[in-house]
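J.: Here is the input, now give the coordinates:
(one chain, ligands or ions: 1)
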Amino acid sequence: MKYRTLGKTGLKVSEIGIGTWQLADDLNCWVGADLKESLQSLYRYAELGGNFIDSAWIYGYSDTDDRHRSHELIAQFLKESGLRDKLVIASKVPPKNMQWPAFKNMPISEIFPDDWIVKCVDDSLRSLGIETLDLMQFHVWQDDFTDEDGWKETIRKLTAAGKVRHWGISANDYQPSNCFRAIETGLISSIQFILNIFHQRPAEKLLPFAAKHNIGLIARVPLDEGGLTGKFTVDTRFAVGDFRRHYFSPDRLKELIARTDNLKTLLNGEAGSLVELSLRYLLSLPEVSSAIPGMRRISHVESNNAVSDGRLLSDRLMSELKKHAWERNFNTSPLHTSTLPWSRNPFCLSQTARSSPASPCELTCSNFCF
Ligand SMILES: NC(=O)c1ccc[n+]([C@@H]2O[C@H](COP(=O)([O-])OP(=O)(O)OC[C@H]3O[C@@H](n4cnc5c(N)ncnc54)[C@H](OP(=O)(O)O)[C@@H]3O)[C@@H](O)[C@H]2O)c1
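T.: As a prediction, this is how the structure comes out:
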């Protein structure tokens, strides 16, 4: 495993981080985790040199018992392994209104009021069983928030109290530049954003911006939610409640397969599988600090961690991959932004979908991504 510096935090993070959205069996997003294997995956990840764990207050959260199950699994691993001091632990403060993304003109008082930020930091420390978060990220952002002073004061206080070492923004899907003004405050040290072979657009503007400001870059959804693994077929179906049931609807799945079949023709000595090609693509970009595939299986940890061996893709292949970009921008379709912003509310989904899995709410919740 190789390590890179996470921008001005100075933290050394492994090139492959572990995304933990799917770690707990979350019936509203990622169905089917085997909690025992999730825990073992954390052990194997660390054993193979991984040191960067990305989680969030909302991952595996249940409103019925107020538990944060992704955090809890990480807490169990940290306690049993005694590895806390060797790891970099990141989490995220969710928007108080539970809507992803944050829409323009929404007041910050509905999304990140000061007492909410404090509460989510305290909840996270408690459920993770740690005293300090290495990185706390805002789980949505609108750059208008930069004009407000409350959050700035709050994060300064939480840092001074020793509860959080560094702050980051996990940018809204497909809006990686919608945090540039916040970066200029000097309070934000990292940006988490979608970057993969299909969604290459951030490479144009964000990568040079981050290099100029010494900002750590955390590339999320590196495998396009599994689409870039090449393991799906036109017959693949996902469980009720799994968001991929909609993300990979039959039409999208058909187009995905055609595109991954094209990508497979590029496999050669540089990368032997689509997973390897996808992760090597990200690690071949020097501005990326860490790529964080979601990993809840030991076999995935083993193959993904193995990609961090210092071998970069050739310029020829990197330039060939540009032709395979597939910009979809699912999440900012007019349907979602103008008429149904509430549809991305996990509580809306959890409560309605539980009683009626084929409810309009579930059907329109096709695009939420935490
Ligand atoms: N707004 C935000 O802040 C936000 C949004 C999304 C994600 N994230 C973070 O980014 C992380 C990564 O994104 P993601 O998990 O959504 O998408 P992803 O990493 O593109 O896809 C993860 C899925 O790919 C499959 N996979 C992983 N490694 C594999 C391998 N070697 N072979 C075959 N399949 C493999 C797994 O599917 P199965 O487990 O089903 O087998 C896994 O659940 C998340 O866990 C989370 O920490 C943050």
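J.: okay, CA-based contacts and neighbour counts for the rest of this
T.: Will do.
J.: Please spell out which residues along stretch 137-144 are buried.
T.: Across stretch 137-144, burial judged by 16 or more other C-alpha atoms under 10 Å covers 137-144.
J.: What parts of the protein come near the ligand?
T.: Residues of the chain that fall close to the ligand, judged by C-alpha under 6 Å from any ligand atom: 19-22, 54-55, 139, 170, 220-226, 229, 275, 292-296, 300, 303-304, 369-370.
J.: among those, which are in strands?
T.: Mapping the residues of the chain next to the ligand onto strands (DSSP state E) picks out 19, 54, 170, 220.
J.: Of the residues you listed, which pair is most distant in space?
T.: The distance between the two most remote of those (C-alpha to C-alpha) is 12.9 Å, for Gly19 and Ser170.
J.: More neighbours: which of these two?
T.: Shown here are Gly19 and Ser170; by other C-alpha atoms under 10 Å, Ser170 has more neighbours (26 against 21).
J.: Kindly provide the distance from that one to Glu184.
T.: As judged by C-alpha to C-alpha, to the nearest Å, Ser170 and Glu184 stand 16 Å apart.
J.: likewise Gln76?
T.: 37 Å.
J.: Which one's more surrounded, these two?
T.: Gln76 (15 against 11).
J.: what about that one, which helix or strand?
T.: Gln76 is located in helix 69-81, with elements delineated by DSSP states H and E.
J.: got the buried residues for that helix?
T.: Neighbour-count burial for helix 69-81 [16+ other C-alpha under 10 Å]: 69-75, 77-78.
J.: And the buried residues of stretch 137-144, which is closest to the ligand?
T.: Distance to the ligand, by C-alpha to the nearest ligand atom, is smallest for His139 among the buried residues of stretch 137-144, at 5.4 Å.
J.: Let me see the confidence value for the closest one.
T.: pLDDT for His139: 98.
J.: now the angle from the host helix or strand of Ala46 to helix 69-81?
T.: Using DSSP H and E, the element containing Ala46 is helix 35-47. Taking axes from the mean of the first three to the mean of the last three C-alpha atoms, to 10 degrees, one finds helix 35-47 and helix 69-81 inclined to each other by 60 degrees.
J.: Would you mind pulling the contact partners of helix 35-47?
T.: Helix 35-47 is contacted from outside by 18, 23-25, 51, 73-74, 77, 81, 295-298, 301-302, 305, using C-alpha atoms under 8 Å, 6 or more residues apart in numbering.
J.: And for stretch 223-238?
T.: Contact with stretch 223-238 is made by 196, 198, 244-245, 250, 253-254, 256-257, 260-261, 273-275, 278-279, 293, as judged by C-alpha under 8 Å, 6+ apart.
J.: Turn the buried residues of stretch 137-144 into JSON lines, columns for distance to Pro202.
T.: Below are the buried residues of stretch 137-144 laid out as JSON lines (distance: C-alpha to C-alpha, whole Å):
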{"residue": "Gln137", "distance to Pro202": "19"}
{"residue": "Phe138", "distance to Pro202": "19"}
{"residue": "His139", "distance to Pro202": "18"}
{"residue": "Val140", "distance to Pro202": "17"}
{"residue": "Trp141", "distance to Pro202": "16"}
{"residue": "Gln142", "distance to Pro202": "17"}
{"residue": "Asp143", "distance to Pro202": "17"}
{"residue": "Asp144", "distance to Pro202": "20"}
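J.: And Thr260, how close does it get to the ligand?
T.: Per C-alpha to the nearest ligand atom, to the nearest Å, Thr260 is found 13 Å from the ligand.
J.: got it, and Asn214?
T.: The gap separating Asn214 from the ligand is 20 Å, by C-alpha to the nearest ligand atom.
J.: State the separation between stretch 152-170 and the centre of the chain it belongs to.
T.: 20 Å (C-alpha atoms, centre = their mean, to the nearest Å).
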